[in-house]
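**Student:** this one's structure only:
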């Protein structure tokens, strides 16, 4: 706040996944469930909880939450991860409905396979994860982080001034096949 004077955009983009993203619910420990929920949903909640008062002081703004296609469709990712990504979508829609009249827009981005350090770590369990994900994506590749950042920039900009409560799917067409 000292540097920029006011807060106009909150972008929640932190998240973790299961080490074994193919783990079944009955195999998952309570501790791992809680760890993923704490980072993916509680962490987002805390940023929103303490950020909204600043957005209100600024006269409004935008909240952008990163979900995943795993929150929309049945996909690998593990039970706590997929549950957290679905919760992010529901929470984002709640925020949009609750704060719209106060000048705050809230939207979610649901990326498909993005080539990041987290997805590269999946290669330890499934060495061909990039190949499998690319074949499941009509565009034939995973996204670069910058491609998802561009969606966030659009949602933070005035060009998206009539967009709230939306889930922008940026998955190279993965959810249409």
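**Tutor:** The structure has been received and is ready for your questions. Not measured: the values here are computed from a predicted model.
**Student:** how near is the most centrally placed residue in the chain to residue 6?
**Tutor:** The centroid of the chain falls nearest to residue 66 when counting by Cα atoms, centre = their mean (1.7 Å). Residue 66 is 23 Å from residue 6, where distance means Cβ to Cβ, to the nearest Å. Bear in mind the C-beta positions are built from the backbone N, C-alpha and C, glycine included.
**Student:** cool, and residue 97?
**Tutor:** Counting by Cβ to Cβ, the separation of residue 97 from residue 6 is 24 Å.
**Student:** then residue 71?
**Tutor:** Using Cβ to Cβ, we find residue 71 at a distance of 31 Å from residue 6.
**Student:** who has more neighbours out of these two?
**Tutor:** residue 71 (24 against 11; other Cβ atoms under 10 Å).
**Student:** which of the helices or strands spans the nearest residue to that one once chain neighbours are set aside?
**Tutor:** The shortest distance from residue 71 to any non-neighbouring residue, by Cβ to Cβ, 6 or more residues apart in numbering, is to residue 85 (3.2 Å). Per DSSP states H and E, residue 85 falls inside helix 79-99.
**Student:** so the helix or strand following that helix versus helix 79-99, what angle?
**Tutor:** Later in the chain than helix 79-99, the nearest helix or strand by DSSP H and E is strand 104-111. Strand 104-111 and helix 79-99 are oriented at 150 degrees to each other (axes from the mean of the first three to the mean of the last three Cα atoms, to 10 degrees).
**Student:** tell me what strand 104-111 is packed against?
**Tutor:** If contacts are counted by 3 or more Cβ pairs under 8 Å, 6 or more residues apart in numbering; DSSP states H and E, strand 104-111 sits against helix 43-57, strand 61-66, helix 79-99, helix 145-156, strand 167-170.
**Student:** other SSEs contacting the second one?
**Tutor:** The helices and strands touching strand 61-66, judged by 3+ Cβ pairs under 8 Å, 6+ apart, are strand 9-12, helix 43-57, helix 79-99, strand 104-111, helix 145-156.
**Student:** please consider this matter closed, and thank you.
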